[in-house]
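Chemist: Give me a model of this one.
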Amino acid sequence: MTTFNYTSILTQTVDELSESRSYQGLFHQHEDGAPLPSARSLHKIVELARAILFPGYFGNSTLNSHTVNYHIGVNVETLFGLLTEQIQAGLCFGLENNRNTACDNKPCRETAALLAARFISKLPELRRILATDVEAAYYGDPAATCFGEIISCYPAIRAISNYRIAHELLVLGVPLIPRFITEMAHSETGIDIHPGAQIGHHFTIDHGTGVVIGATCIIGNNVKLYQGVTLGAKSFPLDNNGNPIKGIPRHPILEDDVIVYSNATILGRITIGKGATVGGNIWVTENVPVGARIIQRKTKDE
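Modeler: Next up is the predicted model:
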């Protein structure tokens with residue numbers, strides 16, 4: 001019987017994996033005082049934010065009108081502490097990946113606390129606009145029995161609430177963390193909304209699975225999407241080194257009162273005019289006039 005030399009195979013593999021050329025661009029070197037964002041902490045942050053925005057539906061379900069102030073106060077205080085830590089981690093990560101000087105812990109902490117406080121000050125407005133999203137989902141779905149069912153059960157509300165939280169953090173200049181938060185919703189619901197998209201009030205997504213909304217999308221008020229809709233880009237310009245040029249608008253604009261039915265694909269920086277309807281299973285790469293109806297044409301063989 002031959003004796004197989006496992007040790008030499010394992011040692012060789014470790015040496016190959018430790019070779020700097022093999023992990024170039026894939027390695028994060030830890031610096032003291034510059035932690036990486038924590039997926040577990042960010043999950044807790046989203047849970048706390050949902051419990052604050054929708055008290056009684058998420059988090060502690062035993063609260064009542066007499067105790068709501070206390071519970072929201074505890075949640076806001078906990079949220080502030082966790083969010084400060086995670087924003088600090090995001091700021092330090094952003095500095096490192098922008099090839100700037102190493103993060104100085106104290107200024108990062110002070111900046112993170114200020115940004116966390118500014119975000120928390122936006123929560124009343126976030127609740128106001130999310131209430132319009134709940135309303136749009138309820139009145140847009142005859143199967144819905146009450147607002148509570150929408151908040152508790154509908155994946156769109158979970159995805160849209162994550163998006164609105166992430167978008168506010170992105171507007172405040174927080175790196176990395178917003179993308180973490182929208183990707184959590186993507187994993188949970190199958191709805192992929194980039195935090196950079198701009199979305200108006202009374203927004204809803206029916207069913208939702210497979211919806212993709214790109215970073216430079218602008219979506220107006222009272223817009224409804226169905227499952228499988230893609231608001232994406234076509235080609236995008238590259239710099240002299242072959243890298244994508246950042247910041248160029250490349251995704252669609254949907255004006256107010258637009259409806260897009262299931263599995264429609266809308267690509268490029270085009271405008272879908274106010275009140276237009278885009279039918280299912282079609283590609284749209286040109287502007288759609290105000291009030292138009294774009295539907296799938298049958299072929300002669302159908």
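
Chemist: CA only for contacts and neighbour counts going forward, please
Modeler: Fine.

Chemist: what's whichever strand or helix holds residue 163 in contact with?
Modeler: For residue 163, the element it lies in under DSSP states H and E is helix 155-171. Helix 155-171 is touched from outside by 46, 50, 119, 122, 126, 130, 133-134, 150-151, 177-179, 181-182, 185-186, 189, 191-197, 204-208, with contacts defined as Cα atoms under 8 Å, 6 or more residues apart in numbering.

Chemist: centroid residue for the chain?
Modeler: The residue lying closest to the centre of the chain (Cα atoms, centre = their mean) is residue 182, at 2.4 Å.

Chemist: Can you verify my assumption that that one contacts residue 196?
Modeler: No - contact criterion Cα atoms under 8 Å: residue 182 and residue 196 do not qualify, at 10.2 Å.

Chemist: In PDB, could you pull the C-alpha coordinates for stretch 252-267?
Modeler: C-alpha atoms of stretch 252-267 as PDB (Å, rounded to 0.1, in the frame of the first residue of the first chain):
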ATOM      1  CA  PRO A 252     -33.900  54.900 -17.500                       C
ATOM      2  CA  ILE A 253     -36.000  57.800 -16.200                       C
ATOM      3  CA  LEU A 254     -39.600  56.800 -15.400                       C
ATOM      4  CA  GLU A 255     -41.900  59.800 -15.000                       C
ATOM      5  CA  ASP A 256     -44.900  60.000 -12.700                       C
ATOM      6  CA  ASP A 257     -47.800  57.400 -12.900                       C
ATOM      7  CA  VAL A 258     -45.800  54.900 -15.100                       C
ATOM      8  CA  ILE A 259     -46.700  51.200 -14.900                       C
ATOM      9  CA  VAL A 260     -44.300  48.500 -16.200                       C
ATOM     10  CA  TYR A 261     -45.600  45.000 -16.400                       C
ATOM     11  CA  SER A 262     -43.700  41.700 -15.700                       C
ATOM     12  CA  ASN A 263     -40.400  40.900 -17.400                       C
ATOM     13  CA  ALA A 264     -40.200  44.100 -19.400                       C
ATOM     14  CA  THR A 265     -36.600  45.300 -19.900                       C
ATOM     15  CA  ILE A 266     -36.000  49.000 -20.300                       C
ATOM     16  CA  LEU A 267     -32.400  49.900 -21.100                       C
END
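
Chemist: hey, where'd the helices end up in the protein?
Modeler: 6-18, 39-53, 68-97, 105-121, 123-139, 147-153, 155-171, 177-189 (DSSP state H).

Chemist: Kindly reformat those as CSV and extend each row with mean pLDDT and distance to residue 250.
Modeler: CSV is the format used below for the helices of the chain (pLDDT from 0 to 100; distance: least, Cα to Cα, whole Å):
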stretch, mean pLDDT, distance to residue 250
helix 6-18, 85, 38
helix 39-53, 95, 29
helix 68-97, 88, 24
helix 105-121, 86, 28
helix 123-139, 97, 26
helix 147-153, 95, 32
helix 155-171, 97, 18
helix 177-189, 96, 19
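
Chemist: Point out the most buried one among the ones you listed.
Modeler: Comparing these by mean neighbour count (mean count of other Cα atoms under 10 Å), helix 155-171 comes out on top with a mean of 23.

Chemist: by how many degrees do that one and helix 177-189 diverge?
Modeler: Orientation of helix 155-171 against helix 177-189 (axes from the mean of the first three to the mean of the last three Cα atoms, to 10 degrees) gives an angle of 170 degrees.

Chemist: Over to residue 269: give its phi and psi.
Modeler: With angles defined as degrees, to the nearest 10, residue 269 sits at phi -80, psi 70.

Chemist: now residue 201
Modeler: Dihedral angles (degrees, to the nearest 10) for residue 201: phi -80, psi 170.

Chemist: so how far is residue 125 from it?
Modeler: Separation of residue 201 from residue 125 (Cα to Cα, to the nearest Å) stands at 11 Å.

Chemist: so where is the stretch 151-300 of the chain shaky, pLDDT-wise?
Modeler: The model of the stretch 151-300 of the chain has pLDDT under 70 over residues 297-300.
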